[in-house]
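Undergrad: Mind folding the following:
(one chain, ligands or ions: 2)
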Amino acid sequence: MWRIGVVRDERQRLSRLVAIGRDVTEEQRLQERVIQSERLAMVGRMAAQVAHEIRNPLSAIGLNIELLTDLIDELPEADRDEAKELIRITMSGIERLNGVIGDYLRFARMPVKQLQEEAVNDMMEELIHLIRSEMHPAHVDLSVRLDGNLPSVKADRMLIGQQVLNCVRNALEAMPDGGVLTLATDIEENEVRISISDTGDGISPEHVERVFDPFFSTKENGTGLGLPYVQQIMQEHGGRLDLNSVPGAGTTVTLLFPASTPEVS
Ligand SMILES: Nc1ncnc2c1ncn2[C@@H]1O[C@H](COP(=O)(O)OP(=O)(O)OP(=O)(O)O)[C@@H](O)[C@H]1O
Ligand SMILES: [Mg+2]
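TA: Numbers count the residues shown, from 1 in each chain. Ligands and ions are numbered 1, 2, ... in the order given. Now for the predicted structure:
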């Protein structure tokens, strides 16, 4: 009796579960997502620790190689050029590793924000000044459309500048044979928007879901932390990130900030 009761209870429970099957699947999906994000957080902590461990011996290696460079001058001339070339290759490997480690640590550390009222167009003009010279060698035309009538936003100027540059770097990497980079600002429904558009190859449908996963990269030397970092920083600004990509035509990444409401005095 007891067993049957349990079975019946169980069956009833099951049928309730079937009835709310969709909710359960939703819940399961949510749970899986929580597990995945916990796992990613752990991987992130491990990566940061490994990065720390690597950094010190790496800088010692760099220093020793610099010392070796001095010794090379004492070599017979025939060997000197080859030795210098080997050293150059080793140093560029070290620089690359330092760059990757820096990316990991920046991602793990999440610097404290200094939020201030900022005029988005001023920020953009400063950045445009910085990147303009990179366009011509990359065969990229820069098109700029800044809406002259924007309210200010609360932002950490340096952090946001880095994020725009991150997106610009992605845009340029997506247009290896050149194209058009469009930087624009505007406002829609009380959100101030910065958009970075390219005419590159776009993102394939099977990849588009994954571009915000930490460590997802389709590039040989990519760490896959660029977009997740931009997204994280935007969330910390109370804003968000929007990505729209058309395979074969290009990609637009939009950073959206809540417009600051002037304080009532
Ligand atoms: N503008 C873009 N056009 C096409 N693909 C893009 C664009 N931006 C991002 N992606 C895709 O999203 C992936 C993840 O981008 P993300 O910036 O996070 O990492 P990454 O550029 O690969 O490496 P890094 O850590 O050096 O930035 C890229 O590898 C690329 O496949
Ligand atoms: Mg990137």
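
Undergrad: Look up the closest residue to the residue in the chain that ligand 2 sits nearest to, ignoring the ones flanking it.
TA: Closest approach of the chain to ligand 2 (C-beta to the ion) occurs at Gly226, with a separation of 2.9 Å. Yep, even glycine has a C-beta here, placed from its N, CA and C like the rest. When the adjacent residues along the chain are set aside, Gly226 lies closest to Asn166, with 4.7 Å between them (C-beta to C-beta, 6 or more residues apart in numbering).

Undergrad: Equivalent analysis for Ala184, please.
TA: Arg145 (4.2 Å).

Undergrad: and the one you found, what is it in contact with?
TA: Counting by C-beta atoms under 8 Å, 6 or more residues apart in numbering, Arg145 touches 182-186.

Undergrad: Can you tell me which of those is closest to ligand 1?
TA: Using C-beta to the nearest ligand atom, Thr182 is the member of the contacts of Arg145 that sits closest to ligand 1, with 11.7 Å.

Undergrad: if I read this right, the closest one contacts Gly200, doesn't it?
TA: No. Using C-beta atoms under 8 Å, Thr182 is not in contact with Gly200; the gap is 11.9 Å.

Undergrad: who has more neighbours, those two?
TA: Counting neighbours by other C-beta atoms under 10 Å for Thr182 and for Gly200 shows that Gly200 has the greater number, 24 against 18.

Undergrad: buried stuff in stretch 82-92?
TA: Buried residues in stretch 82-92, counted by 16 or more other C-beta atoms under 10 Å: none are found.

Undergrad: likewise stretch 39-48?
TA: For stretch 39-48, the buried set under the neighbour-count rule, 16+ other C-beta under 10 Å, comprises 44, 47-48.

Undergrad: Name the nearest of those residues relative to ligand 1.
TA: When the buried residues of stretch 39-48 are compared for distance to ligand 1, the smallest value, 12.3 Å, is given by Ala47; criterion: C-beta to the nearest ligand atom.

Undergrad: Might one say that the closest one is in contact with Tyr104?
TA: Yes. Counting by C-beta under 8 Å, a contact exists between Ala47 and Tyr104, whose distance comes to 5.1 Å.

Undergrad: quick revisit: what about the residue of the chain closest to ligand 2, how many residues nearby?
TA: Under the neighbour criterion other C-beta under 10 Å, Gly226 is assigned a count of 21.

Undergrad: try Glu38
TA: 10.

Undergrad: That one in helix, strand or coil?
TA: Here Glu38 is helix, with the state taken from DSSP: H, G, I helix; E, B strand; the rest coil.
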